[in-house]
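Chemist: From the sequence below, what's the structure:
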Amino acid sequence: MTVKNKRLKTAAALLAVFMGALQGAAEPAKLDNPMSVEYLEEHLAQTHPRLVFTPSILAQLKKKLAADPVLKNRYAAIRLNADRIFEQPLLERKMTGRRLLSISREMLYRVNMLGLVYLVENDPAVLQRIDEEVLAVCAFADWNPSHFLDVAEMSLAVALVLDWTDGALPESTVRVAKAALIEKGILPKKPDGKKGWPFYGSNNWNQVCNGGMVAAAIAIAGDDPDLAARTLARALDGMPNALDEYAPDGVYPEGSSYWEYGTGFSVVTAAMFESAFGRDFGLSEYPGFMESAVFRALCNAPSGLYFNFADCGDRRSNNGDTILAWFAAKTGNRTFFEKDRFMRPPKETGKLSRLDGAAMAWLSQYEERAGESMPTAWKGEGSNPVVVFTGGENDPHRYYFGGKGGKATTNHGNMDAGSFVFELNGVRWVVDPGNQSYNDLEKTGFDLWGKKQDSERWTLLTKNNFGHSTLTVNQEPFAVDGFAPLTDFKDGKRPEAAFDLTAVYGGSVKSAVRRFVKDGPVSLRIEDRIEMSGATERIVWQLMTTADVELIEGAAVLRQDGKALLVQNRSHPGLDFSVVPLCPPPLQLDRRINGLKRLELNVPVLNASGGRVVLSVRLSEEM
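Modeler: Okay, the predicted model is just below:
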């Protein structure tokens with residue numbers, strides 16, 4: 001055999017191995033997508049309602065309203081919300097900066113409140129107000145397609161109006177509403193076969209925009225089945241790009257309040273598919289999706305605050321989590337069903353969520369079948385890995401720790417790899433600065449959404465590493481594309497987890513690993529192992545807090561709400577903490593947080609043994 005033939009034979013063998021590996025590899029997850037005009041006409045329910053509610057679900061809700069205390073109480077709150085809408089003027093096309101979103105969301109809220117009351121009571125006064133509301137928004141010049149979330153939420157609202165009032169509105173209103181759904185909803189980004197933004201993106205825009213278009217498509221299916229089928233097919237084709245982000249463990253990379261937004265629309269989409277077609281095309285079975293309920297539940301700290309990483313809001317609602325309740329209805333797990341919050345007196349609930357009318361469908365379907373408790377040590381990997389340690393359901397100390405890795409360029413991400421929040425005895429001792437108003441920043445011309453290393457976003461304390469409880473090297477911002485993976489996790493009585501932060505320092509260190517250890521029922525130990533490079537000049541250990549700080553030798557005492565926490569430097573005797581006040585913050589555009597300060601430990605790198613630094617700091621009840 002010639003050398004040439006030997007090479008050809010070797011190449012052929014390698015190609016065969018490669019092709020075999022490809023064939024044996026797991027196929028990427030996707031939704032079942034049988035959608036066509038023929039499928040639509042054969043399988044779309046012809047009875048109404050068929051968006052979230054069906055005649056049988058509605059009948060079940062009406063039957064349970066008299067006897068089920070949660071449903072009865074929640075409906076009373078919705079009825080109060082609906083009554084207040086009558087006191088408000090009709091909506092106008094008023095922009096907030098570049099967004100119409102607040103108007104679209106208000107319309108979706110009004111439809112959920114008024115529409116649910118109409119479904120239950122058939123009140124002609126409520127129907128009249130719904131008619132006026134839908135005519136007002138359909139008269140807008142457009143629904144602001146340049147910011148398509150606005151279109152999506154408005155489309156969902158108008159589609160629900162048509163479905164939940166089927167046959168009751170004047171024919172002229174129905175014509176106007178259907179025309180608006182087509183011309184102002186679907187056609188500005190009509191399904192033309194191109195896999196473009198936002199329907200094929202990987203974040204909440206995908207979930208919201210596809211959800212709104214699914215509702216619009218079902219609502220106009222009888223008038224334009226071809227457009228409806230293509231819109232539905234696009235949604236089923238594109239939604240997996242966002243659903244992939246839940247894998248493998250259910251972490252929502254954009255944070256808990258964005259979980260509520262994105263997952264809320266995916267839940268409504270699943271419910272609409274089930275009510276209209278009798279199946280959700282695999283959405284609820286998508287890898288990581290159902291597991292995300294655990295993520296959501298564990299992001300709720302005992303204080304009522306979220307583990308608010310990324311651009312997450314600070315505090316959860318007291319009214320009960322209706323999106324989490326969908327997972328309760330699917331699993332029967334009472335842990336996801338916040339009965340006590342759902343039983344809050346109606347007059348105390350205030351304004352409900354804009355999807356709470358639809359949520360009555362799955363609240364009426366909930367039957368407790370299991371009582372699984374939340375894990376006390378949990379990890380979630382993926383594009384923004386997190387860990388949570390708690391003291392359990394009846395912990396007298398109300399212990400809570402949340403730590404994370406990831407990278408800054410995750411959607412809504414910050415330079416917060418290695419950061420953490422910590423609570424003990426109901427006090428949030430270690431804080432995340434959280435989010436701030438997008439419009440307040442954008443109206444100044446601020447580049448909030450840039451993701452380059454020198455983007456303006458990273459000048460903000462809420463976005464850069466100087467505003468987070470992590471390590472900073474050489475006073476430099478993190479490398480935006482540096483990813484910090486979760487490299488170790490142990491549960492049990494002494495849980496611990498480690499993140500490799502090396503990549504976020506862009507060569508300023510050879511390696512950096514941060515380990516969190518719950519070494520007791522009222523303590524947390526943070527251990528940092530850093531191998532220096534020739535570029536390492538300064539290492540600063542940081543802790544963000546709003547507590548009062550008393551500096552003592554080798555330690556600091558935090559005091560808040562009549563309680564105290566000891567922060568102890570256990571690795572560098574003689575090295576003291578310092579405090580950097582951050583209220584007012586460094587920049588005029590920074591979020592102002594009362595009492596915010598950074599507790600720092602400046603670590604000398606000269607003469608470090610073997611070019612390595614090991615830092616150990618322990619947080620515990622003052623002893």
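Chemist: Now do the phi/psi pair for Arg457.
Modeler: Backbone dihedrals for Arg457, given as degrees, to the nearest 10, come out at phi -50, psi -40.
Chemist: Which secondary structure state is assigned to the nearest residue to Lys510 once chain neighbours are set aside?
Modeler: Sequence neighbours aside, Glu531 is the residue nearest to Lys510 in space, at 4.2 Å (criterion: C-beta to C-beta, 6 or more residues apart in numbering). (Each C-beta comes from the backbone N, C-alpha and C, glycine too.) With DSSP: H, G, I helix; E, B strand; the rest coil as the basis, the three-state label of Glu531 is strand.
Chemist: Surely Glu531 is in contact with Tyr505?
Modeler: No: when contacts are counted by C-beta atoms under 8 Å, Glu531 is not listed as touching Tyr505 (11.0 Å).
Chemist: The two - which one has more neighbours?
Modeler: Remark: of Glu531 and Tyr505, Tyr505 carries more neighbours, 27 against 16, as counted by other C-beta atoms under 10 Å.
Chemist: partner residues bridging the residue nearest to the more buried one when sequence neighbours are not counted?
Modeler: Across the structure, with C-beta to C-beta, 6+ apart as the measure, the residue nearest Tyr505 apart from its sequence neighbours is Val473 (5.0 Å). With DSSP bridges applied, Val473 shows beta-bridge pairing to Ile539.
Chemist: residue contacts, Val473?
Modeler: Contact partners of Val473, counting by C-beta atoms under 8 Å, 6 or more residues apart in numbering, are Tyr505, Ser508, Val509, Ala512, Thr536, Glu537, Arg538, Ile539, Val540.
Chemist: just the strands in the stretch 501-623 of the chain please.
Modeler: For the stretch 501-623 of the chain, the strands defined by DSSP state E, counting those that start in this stretch cover 509-520, 523-532, 539-545, 548-552, 555-560, 563-569, 578-581, 597-603, 612-621.
Chemist: Let's have the ones you listed in a markdown table, adding distance to Gly255 and mean pLDDT.
Modeler: Rendered in a markdown table, the data for the strands of the stretch 501-623 of the chain read as follows (distance: least, C-beta to C-beta, whole Å; pLDDT from 0 to 100):
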| stretch | distance to Gly255 | mean pLDDT |
| --- | --- | --- |
| strand 509-520 | 19 | 97 |
| strand 523-532 | 21 | 97 |
| strand 539-545 | 17 | 98 |
| strand 548-552 | 27 | 97 |
| strand 555-560 | 24 | 97 |
| strand 563-569 | 25 | 97 |
| strand 578-581 | 26 | 98 |
| strand 597-603 | 22 | 96 |
| strand 612-621 | 23 | 96 |
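Chemist: pLDDT on stretch 161-174, on average?
Modeler: The average of the pLDDT scores along stretch 161-174 is 97.
Chemist: go on, stretch 311-325?
Modeler: For stretch 311-325, the mean confidence score works out to 94.
Chemist: Over to stretch 205-224?
Modeler: Predicted confidence along stretch 205-224 averages 98 (mean pLDDT).
Chemist: What's the local residue count around Val522?
Modeler: Neighbour number of Val522 under other C-beta under 10 Å is 18.
Chemist: Confirm that Leu160 sits in a helix.
Modeler: Yes: under the criterion used here (three-state DSSP), Leu160 sits inside a helix.
Chemist: Which helix or strand contains the closest residue to it other than its chain neighbours?
Modeler: With C-beta to C-beta, 6+ apart as the measure, Val111 is the residue that lies nearest to Leu160, at 5.1 Å, once sequence neighbours are left out. Val111 is part of helix 101-121, with elements assigned from DSSP states H and E.
Chemist: just checking, next helix/strand downstream of that helix?
Modeler: Using DSSP H and E, the first helix or strand after helix 101-121 is helix 124-138.
Chemist: send the alpha carbons of stretch 360-372 over as CSV?
Modeler: The C-alpha trace of stretch 360-372 is given here as CSV (Å, rounded to 0.1, in the frame of the first residue of the first chain):
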residue,chain,number,x,y,z
MET,A,360,-57.1,31.5,38.2
ALA,A,361,-57.2,28.7,35.6
TRP,A,362,-54.3,26.7,37.1
LEU,A,363,-55.1,27.8,40.7
SER,A,364,-58.4,26.0,40.2
GLN,A,365,-56.6,22.9,39.0
TYR,A,366,-54.2,22.6,41.9
GLU,A,367,-54.6,19.5,44.0
GLU,A,368,-52.0,18.8,46.7
ARG,A,369,-50.3,15.4,46.0
ALA,A,370,-46.9,15.8,47.6
GLY,A,371,-45.1,17.8,50.2
GLU,A,372,-41.5,17.8,49.1
